[in-house]
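Trainee: What follows is a protein structure lacking sequence information:
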């Protein structure tokens, strides 16, 4: 093929199932498409049953297993540090994938880890450390639970009115509210979240009781470390978007999470994932802070293949979500889709 790079441009999703039904996708992939390129997949939570109100961050065990089966047949799955070493040394000559999980949910241990262990797949888990071993969880998980369990048919917030009459309407509302709230400074975000929860008339105590959203505890972290398959990285203490808080607060979020990961694992913390992870969610000041605390590699949510020229503190990842089709998953693995994770 004269220009293999052209394949990496976005493909009309309506044609993907037809392509995959005619040929196995891997037959179509030229060697140049994956030569010295690394795929990093981004997962969050893996649940035995789907949420009643779907969310981007939570897929089912059956979907996860199916994806791992595809990787086992068609790719090398390599721990992130080792994969980055291969990338820099120019020795990747086969579809190579690193698996990552953001936030550090208990279901990564309870549901995803047994599947990873079955396939002997390594992975990296990035943890919001202030929630470890507590009943508390990340702000958007509280929002999802409140929306899922409210009996109110509508919600009014600021100049917006949101429909809550069906599960689908609730999912749309959850997505829209998360988008609006992420634009706020973190303290304001938390204040607005509490106001929304109060209006939805859902008990705050109930919001911290669901195991679907619980963060890992020390026992689970130790078990995964002892398996030799799982490594851990920092994801801030509270999941604050680092450019939405004062610089000293960002430094504190990073320092606390890096130190906590070292304490929890007994190993130096060298890996980091940016909360939200888009191009505006970190800057050169944040990169400097990461270097100050010994971080050697950091992952974003910007899609695309990683090459030897990708900055080690701005690594690309492909997000995996509940609506991702089998074919779209394979296209991400092999760099055939380049659209946003949003």
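Mentor: Okay, I see it. Not measured: the values here are computed from a predicted model.
Trainee: hey, let's count contacts and neighbours off CA atoms from now on
Mentor: Noted.
Trainee: any idea of the pLDDT on residue 202?
Mentor: pLDDT, residue 202: 89.
Trainee: SS state for it?
Mentor: Counting by DSSP: H, G, I helix; E, B strand; the rest coil, the backbone at residue 202 sits in coil.
Trainee: ditto for residue 196
Mentor: Relying on three-state DSSP, one would call residue 196 helix.
Trainee: Quick check: it touching residue 154?
Mentor: No - look at residue 196 against residue 154 with CA atoms under 8 Å: they stay out of range, at 11.4 Å.
Trainee: just the helices in the stretch 201-342 of the chain please.
Mentor: 204-207, 218-227, 247-265, 284-292, 326-333 (DSSP state H, counting those that start in this stretch).
Trainee: can those helices go into JSON lines with extra columns for mean neighbour count and distance to residue 164?
Mentor: Shown next, in JSON lines, are the helices of the stretch 201-342 of the chain (neighbours: other CA atoms under 10 Å; distance: least, CA to CA, whole Å):
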{"stretch": "helix 204-207", "mean neighbour count": "14", "distance to residue 164": "18"}
{"stretch": "helix 218-227", "mean neighbour count": "15", "distance to residue 164": "36"}
{"stretch": "helix 247-265", "mean neighbour count": "19", "distance to residue 164": "34"}
{"stretch": "helix 284-292", "mean neighbour count": "14", "distance to residue 164": "38"}
{"stretch": "helix 326-333", "mean neighbour count": "20", "distance to residue 164": "30"}
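Trainee: Now residue 279. Its backbone dihedrals?
Mentor: Main-chain torsions, residue 279, degrees, to the nearest 10: phi -60, psi -30.
Trainee: my bad, residue 156
Mentor: According to degrees, to the nearest 10, residue 156 has phi -110, psi 130.
Trainee: circling back: name the residue in residue 196 and residue 154 with the higher neighbour count.
Mentor: residue 196 (19 against 16; other CA atoms under 10 Å).
Trainee: can you pull the contacts of that one?
Mentor: residue 157 (CA atoms under 8 Å, 6 or more residues apart in numbering).
Trainee: in this protein, which spans are strands?
Mentor: If DSSP state E is used as the criterion, the strands of the chain fall at 38-43, 45-47, 58-60, 76-77, 96-103, 123-127, 154-157, 160-163, 230-234, 271-273, 297-299, 318-319.
Trainee: Relative to residue 147, how far out is residue 170?
Mentor: 6 Å (CA to CA, to the nearest Å).
Trainee: joint contacts of the two?
Mentor: Counting by CA under 8 Å, 6+ apart, the residues touching both residue 170 and residue 147 are residue 164.
Trainee: tell me the domain boundaries of the chain?
Mentor: Structural domains of the chain, as assigned by automatic domain parsing, span the residue ranges 4-135+215-333, 139-207.
Trainee: And for residue 184, the neighbour number?
Mentor: 15.
Trainee: Repeat that for residue 115.
Mentor: With other CA under 10 Å as criterion, residue 115 counts 18.
Trainee: Which pLDDT value does the model give it?
Mentor: 98.
Trainee: Am I right that it is in contact with residue 67?
Mentor: No - using CA under 8 Å, residue 115 is not in contact with residue 67; the gap is 10.6 Å.
Trainee: who does residue 100 bridge with?
Mentor: Beta-bridge partners for residue 100, by DSSP bridges, are residue 42, residue 124.
Trainee: For residue 267, which residues are in contact?
Mentor: Residue 267 neighbours (CA under 8 Å, 6+ apart): residue 261.
Trainee: swap the cut-off to 7 Å and go again
Mentor: Neighbour list for residue 267: empty [criterion: CA atoms under 7 Å, 6 or more residues apart in numbering].
Trainee: if we can go back for a sec, could you dump the helices of the stretch 201-342 of the chain into JSON lines with distance to residue 122 added?
Mentor: JSON lines is the format used below for the helices of the stretch 201-342 of the chain (distance: least, CA to CA, whole Å):
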{"stretch": "helix 204-207", "distance to residue 122": "32"}
{"stretch": "helix 218-227", "distance to residue 122": "10"}
{"stretch": "helix 247-265", "distance to residue 122": "16"}
{"stretch": "helix 284-292", "distance to residue 122": "24"}
{"stretch": "helix 326-333", "distance to residue 122": "16"}
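Trainee: between the ones you listed, which one is nearest to residue 91?
Mentor: Of all the helices of the stretch 201-342 of the chain, it is helix 326-333 that lies closest to residue 91, at 18.3 Å by CA to CA.
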